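Visitor: Predicted model, plus sequence, below.
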There are 2 protein chains.
Amino acid sequence: MNPQPAPDTRTDYRLGRESRHLTRSVMRELLKKASAPGVISLAGGLPDTRLLPADQYRECLDAVLTRDGGAALQYRPMHEPLREWIASMMQARGVRCDAGQVFITNGNQQGLSILSRLFLDPDEAAVTEAITFTGIQQATAGRGARMLLAPTDLATGVDVDALETLFAEHQPRLAVLVPDFHNPLGVSISADKRQRIAAIAARYQVPVIEDDPYSALRFSGRPTPPIKAYDEAGWVFYLGSFSKMLAPGLRMGWMIVPDDLLPRVTALRESLDLETSTLTQRAVAEFVARGSLEPHLERLNASNRARCAAMLDALDKHFGGWATWTQPEGGLFVWVTLPAGIDTTAQLADVIDRLGVAYVPGGAFAVDGRSHRNTLRLNFSAVAPDDIRKGIARLASHFRPLAG
Amino acid sequence: MNPQPAPDTRTDYRLGRESRHLTRSVMRELLKKASAPGVISLAGGLPDTRLLPADQYRECLDAVLTRDGGAALQYRPMHEPLREWIASMMQARGVRCDAGQVFITNGNQQGLSILSRLFLDPDEAAVTEAITFTGIQQATAGRGARMLLAPTDLATGVDVDALETLFAEHQPRLAVLVPDFHNPLGVSISADKRQRIAAIAARYQVPVIEDDPYSALRFSGRPTPPIKAYDEAGWVFYLGSFSKMLAPGLRMGWMIVPDDLLPRVTALRESLDLETSTLTQRAVAEFVARGSLEPHLERLNASNRARCAAMLDALDKHFGGWATWTQPEGGLFVWVTLPAGIDTTAQLADVIDRLGVAYVPGGAFAVDGRSHRNTLRLNFSAVAPDDIRKGIARLASHFRPLAG
């Protein structure tokens, strides 16, 4: 049997319901176009590749495989030293938990997927912010949920009054919030709001997923305890990730899960993909045991701080007086609101082609699929300050004339 | 806020439908008990840890991180050299496909999960063999499917007449089969049956998932092309894995997906956990590019051949005349059928405690949850020949008197 060209199958597959709701992430398709040579891409959602700790992580892999041999390549239960380190870190942030409640995942998207399947059936109600990360949309709207949307204050985070009204009137099965340096808004939820969120989760018995990939990326201001730190009754589900604070290519994160749900979470996880690579778990445990995480985060956040400052300065200079934007204390993103009437989605191809600058149109994060057309998400972490300044100046030169 | 003990949450969570169907895999719970010191465990489903290529893989990781730096730790599209190598290997096995149709997964359980969500809704009909791997049960029965079961001939594989009747009468949304060295039966599907399976998949328009983690583990007999090699019309979905042929701890496999389904498969995958670690993809690509896979498989299969021979000899000696068993040409498992009336599930605790031998009761693989109580799955790959001989002798000493 010799290789021949693959048959051209235009077959009428009957698709399951779940796959009918899902569409490919606009943002991920965009990332491809934005990476053309010469384009200043403010469209990314990534740490700077040159700042990822390749040498230190290589040394950790080397040490683990030399020490553990084949055991580091075998099926294995979760790696206890890693769970213990995560539990200590969460305790230091005010969360009451023990290592047995730390459930290792392949990153927060998997945590969202597991918890969505644990609590949410299609056609039932789920709450997200009106503007939110597309992965959160996939784990809710993408599973056929009836979406209820809460607005977000661009200084203090999600509108908790609106959230409480939705909880009280609709008894949703799930809510998903991003506590620190929201993607795409760049805003963090204030401490008093966090306390209220934990309280209303318990009062209305709504599982609130706290999707927190960014909190370690703080470069100014004071840390706020996670919503989970205010959770007395077990209705807040914390998701943490090594993707942004160490490296995306590890594909590793964790959840804090109450004891009585662990067997079900484990069964769900096993049905999805069994378990997380023990080699990755051991190498990350080695990385943190060596004390390599703190200096890495210092270097990363120093870079992000300088780049964010460059972006905010350039926004002041070129967008001051006719647009508004958020003031992030960490993370990767600034959210810009242009005058009503400007459609950033319609302008994108032109801006990339003529000006060589890419951004993500804010409308891509609108769960309703149509609002917020006059907004942009700008990434500062992956671009050098000079390019940030150039990029912002070019964006202003394009959009200023459209502001009328 | 000081760390305190975690609150005792006995909270009445309302669970989603998907998590209500799933139960923890009996087999994985068993693995814990079977790993007590001194127990000869024939219950495993693993390659021998000492045969995993830790040194060579360490060198590959080292080379990749030295060469690619942070790019090997970043978010990335699938690694093209790996997809190309997989496509060549599949072509050499008679499958018409190109690199663009190779979709990298975190192993075959993830492939099963994705394809189940692509085609199967709860309450709809799915076909599996009456005895099959628990992960296949989780991706079908575990999602609430109405199960239709085909019997399996212990010499030539699944009963294709029965399969065709089920396809014709019930129009199932999905069927899942294991082509080579079936888990737990150890049997392979004959070439003529494979051809018929591809034909009836197309005739009745039933997506047939070919779950093939074991074919590279052949230690005798001649290879048979995958079912996918006979597929003209795009109704066979091939799943391959590096778990058994390289190392389980990598958590990496692949699917062959028709072009027109790739966008939907990609969207589903992104919603589950975004993508597979680019570092793992690059390190495996390096491993195969260095020509390290063939010698590894030769060493692994030589060991498995000797151990399987030791097991079959011991079965002849101790079980000959009063039990029957399969004759695997590869893989990890032998399936033993004892006289009717012996309940291997009921005997297990006693056999582990008194005789220090563990096995998996065949009933754990019965999709109906009650048949095949007089069967055992025995693993030969992870145990030294002397222990295999001892273990089989002890099992016979226990079960022979029960045979009446």
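Guide: Ah, there it is.
Visitor: A:G369: neighbouring residues, count only.
Guide: The number of residues packed near A:G369 is 9, by other C-beta atoms under 10 Å in any protein chain shown. To be clear about C-beta, it is placed using only N, CA and C from the backbone, and glycine gets the same treatment.
Visitor: ignore the last one, A:D350
Guide: Neighbours around A:D350, by other C-beta under 10 Å: 10.
Visitor: next one: phi and psi at it?
Guide: phi -60, psi -40 (degrees, to the nearest 10).
Visitor: Kindly report the same for A:P207.
Guide: According to degrees, to the nearest 10, A:P207 has phi -60, psi 120.
Visitor: Just the strands from the stretch 101-250 of chain A, written as ranges.
Guide: Along the stretch 101-250 of chain A, the segments classed as strands by DSSP state E, counting those that start in this stretch run A:102-105, A:125-129, A:146-150, A:152-153, A:157-158, A:174-177, A:208-212, A:236-241.
Visitor: I'd like the ones you listed as JSON lines, with mean neighbour count, distance to chain B and mean pLDDT appended.
Guide: Formatted as JSON lines, the strands of the stretch 101-250 of chain A follow (neighbours: other C-beta atoms under 10 Å in any protein chain shown; distance: least, C-beta to the nearest C-beta, whole Å; pLDDT from 0 to 100):
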{"stretch": "strand A:102-105", "mean neighbour count": "24", "distance to chain B": "8", "mean pLDDT": "98"}
{"stretch": "strand A:125-129", "mean neighbour count": "25", "distance to chain B": "11", "mean pLDDT": "98"}
{"stretch": "strand A:146-150", "mean neighbour count": "18", "distance to chain B": "14", "mean pLDDT": "98"}
{"stretch": "strand A:152-153", "mean neighbour count": "18", "distance to chain B": "23", "mean pLDDT": "98"}
{"stretch": "strand A:157-158", "mean neighbour count": "26", "distance to chain B": "20", "mean pLDDT": "98"}
{"stretch": "strand A:174-177", "mean neighbour count": "27", "distance to chain B": "9", "mean pLDDT": "98"}
{"stretch": "strand A:208-212", "mean neighbour count": "26", "distance to chain B": "12", "mean pLDDT": "98"}
{"stretch": "strand A:236-241", "mean neighbour count": "27", "distance to chain B": "10", "mean pLDDT": "98"}
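Visitor: and those as CSV, adding distance to B:F319?
Guide: Shown next, in CSV, are those (distance: least, C-beta to C-beta, whole Å):
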stretch, distance to B:F319
strand A:102-105, 41
strand A:125-129, 55
strand A:146-150, 58
strand A:152-153, 68
strand A:157-158, 66
strand A:174-177, 53
strand A:208-212, 53
strand A:236-241, 50
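Visitor: closest to B:I136 out of these?
Guide: strand A:102-105 (22.8 Å; C-beta to C-beta).
Visitor: Dump the closest one to PDB, keeping only the CA atoms.
Guide: Output of strand A:102-105 as PDB, limited to C-alpha atoms (Å, rounded to 0.1, in the frame of the first residue of the first chain):
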ATOM      1  CA  VAL A 102      -4.400  21.200  45.300                       C
ATOM      2  CA  PHE A 103      -5.300  19.600  42.000                       C
ATOM      3  CA  ILE A 104      -2.700  19.800  39.300                       C
ATOM      4  CA  THR A 105      -4.100  20.800  35.800                       C
END
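Visitor: Name the surrounding residues that touch that strand.
Guide: Residues outside strand A:102-105 that contact it (C-beta atoms under 8 Å, 6 or more residues apart in numbering or on different chains) are A:78-79, A:82-83, A:86-87, A:90, A:111, A:114, A:239, A:252-257, A:262, A:265-266, A:269, A:275-276, A:281, B:273.
Visitor: backbone phi and psi for the nearest residue to A:A202 once chain neighbours are set aside, please?
Guide: Setting aside the residues directly before and after it, A:A202 is nearest to A:A233 in space (C-beta to C-beta, 6 or more residues apart in numbering or on different chains), at 3.9 Å. Main-chain torsions, A:A233, degrees, to the nearest 10: phi -110, psi 0.
Visitor: same question, the one 10 residues further on
Guide: Main-chain torsions, A:S243, degrees, to the nearest 10: phi -60, psi -50.
Visitor: Now it. Nearest residue, chain neighbours left out?
Guide: A:G107 (5.4 Å).
Visitor: Can you report how many residues neighbour that neighbour?
Guide: 27.
Visitor: What segments of the stretch 1-150 of chain A are helices?
Guide: Here the stretch 1-150 of chain A has its helices, by DSSP state H, counting those that start in this stretch, at A:17-21, A:26-34, A:54-68, A:80-92, A:108-119, A:134-138.
Visitor: about what we covered before: state the distance from the residue nearest to A:S243 to B:E275.
Guide: With the distance defined as C-beta to C-beta, to the nearest Å, A:G107 ends up 9 Å from B:E275.
Visitor: same thing with A:Q138?
Guide: A:Q138 sits 13 Å away from B:E275, taking C-beta to C-beta as the criterion.
Visitor: And A:N304, by the same measure?
Guide: Counting by C-beta to C-beta - A:N304 and B:E275 are separated by 23 Å.
Visitor: Just the pLDDT at the residue nearest to A:S243, thanks.
Guide: Note for A:G107: predicted pLDDT of 98.
Visitor: which residues touch it?
Guide: By C-beta under 8 Å, 6+ apart, the residues touching A:G107 are A:S241, A:F242, A:S243, A:R251, A:M252, A:G253, B:D273, B:L274.
Visitor: Near the closest residue to chain B within the stretch 151-300 of chain A, how many other residues are there?
Guide: Per C-beta to the nearest C-beta, A:G234 is where the stretch 151-300 of chain A lies closest to chain B, at 3.1 Å. Using other C-beta under 10 Å, A:G234 has 21 other residues around it.
Visitor: Now the buried members of the contacts of strand A:102-105.
Guide: Among the contacts of strand A:102-105, those classed as buried by 16 or more other C-beta atoms under 10 Å in any protein chain shown are A:78-79, A:82-83, A:86-87, A:90, A:111, A:114, A:239, A:252-257, A:265-266, A:269, A:275-276, A:281, B:273.
Visitor: ok, A:A99 - contacts?
Guide: Counting by C-beta under 8 Å, 6+ apart, A:A99 makes contact with A:E80, A:R83, A:E84, A:I86, A:A87.
Visitor: Who are the contact partners of the second one?
Guide: Meaning A:R83. Contact analysis of A:R83 by C-beta under 8 Å, 6+ apart lists A:A99, A:G100, A:V102, A:I104, A:W254.
Visitor: hang on, A:V284 packs against A:L82?
Guide: Yes: here A:V284 lies in contact with A:L82, judged by C-beta atoms under 8 Å, at a distance of 6.2 Å.
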